[in-house]
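J.: only geometry, no sequence info:
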C-alpha cells in the first residue's frame, strides 16, 4: 500500500502542497555519527520539506561544522550547556512546524519513515508515534545480542515511545506539556504524558539503532535508562501510571522455553546490576550521563 504522501510525490504535487515537518536533533560530541544521521534523513527529501535543527550542546568537537555542511537543509544552534533536555527546548523554540520529530543524533531514519509517522498522526486521538527499532548488532558481543533478543520479546519494546531513538508529536500532543524538564529520560517523560490509546509504535516503519558492543557499555547505558525511569516515577508518580504494561509477567513466561534460559540469565543479571547502580546513583544524588562510544567508533 502506497502512503498518500509518497503518492503525492509520484504524481508531481507542487511544492506548496508538501507538508512541512520540523526535526529536532540534540547532539553532544556527535561528530562521528551526525553526518550519517543527516544524510539518511535528508536524502530524497523535497526542498523545504524538512525543517531540521541540530542543537549542539556542550560540544568540544566539530559536530556543528559537520552539520553545517548540510546547509540549507539543516540549521545549527550551539549552546555551552551540555544538556539534552535544554537542547530539546532550544530546538522547540526555533522549530516552525508540526508534526515535530525528536531524534537522537546516532540513529538512522529516512524521510519516507518520517512521512509515514507524520501521516499516522492524522488519526483522531493519536498524539505521539514512534517507529519500531531495528537493531544493528554487528560487532556486538554475545551477551549484548542475548539481552536485546530477550528485550524484543517484552511489552516495553512494543508500546510506543522509547527504544527507537525517535518520537513524533502532533501539535495537540506537544501542548500536553510545557518545557522538557531536566530529566534523564526525555522519551520516558513524553511517553507518560499519554495514555496507551494516544501513543503508538508503528510496526511498518523502522529506525536503525546501534546498541553498545560490550557488556560493560551495555550495563552503563542500562543504568542510565533505569535511573531515568526511577527518576520519573519519583518526580511524576501520577503520570507514571501511564507507563504501560510491566515486563515482569512476560519475563516469567519466557522461562517456560528452555532454549532461552542462557539468554534470560544474562538479561536478568545485566538488569539487576543496572538497577542496583541506578538506585545507588539516585539515592546518593550522583548526576552523570553514562554514554556508550563503542557503537559510534566505526561510524
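T.: Cool, the structure landed. These figures come from a predicted structure and were not determined experimentally.

J.: Show me where the chain has its strands.
T.: 21-27, 50-57, 74-79, 100-103, 128-135, 166-169, 199-209 (DSSP state E).

J.: Count the neighbours of the closest residue to residue 164 other than its chain neighbours for me.
T.: The shortest distance from residue 164 to any non-neighbouring residue, by CB to CB, 6 or more residues apart in numbering, is to residue 133 (4.1 Å). The way it works is simple: take the backbone N, C-alpha and C, and place the C-beta from them, glycine included. Neighbour count of residue 133, defined by other CB atoms under 10 Å: 22.

J.: May I have the beta-bridge partners of residue 133?
T.: Residue 133 has these beta-bridge partners by DSSP bridges: residue 207.

J.: can I assume it is in contact with residue 211?
T.: No - using CB atoms under 8 Å, residue 133 makes no contact with residue 211, being 9.4 Å away.

J.: ok so, going back, quick one: contacts for the residue nearest to residue 164?
T.: Counting by CB atoms under 8 Å, 6 or more residues apart in numbering, residue 133 touches 157, 163-165, 206-209.

J.: tell me which of these is nearest to residue 141?
T.: residue 209 (16.5 Å; CB to CB).

J.: Test my guess that that closest one contacts residue 103.
T.: No - here residue 209 does not reach residue 103: they are 11.2 Å apart, not a contact under CB under 8 Å.

J.: Low-confidence stretches in the chain?
T.: 1-19, 160, 289, 298-299 (pLDDT under 70).

J.: do that again at 90, thanks
T.: In the predicted model of the chain, residues 1-19, 71, 73, 155-163, 244-246, 285-299 satisfy pLDDT under 90.

J.: follow-up on the earlier one: so what's in contact with residue 209 and residue 103 at the same time?
T.: What both residue 209 and residue 103 touch, as defined by CB under 8 Å, 6+ apart, is the set residue 165.

J.: And for residue 185, the neighbour number?
T.: Look at residue 185: counted by other CB under 10 Å, it has 21 neighbours.

J.: residues in contact with it?
T.: Residue 185 neighbours (CB under 8 Å, 6+ apart): 225, 228-229, 231-232.

J.: Okay, and which of the residues you listed map to helices?
T.: Cross-referencing the contacts of residue 185 against helices under DSSP state H gives 225, 228-229, 231-232.
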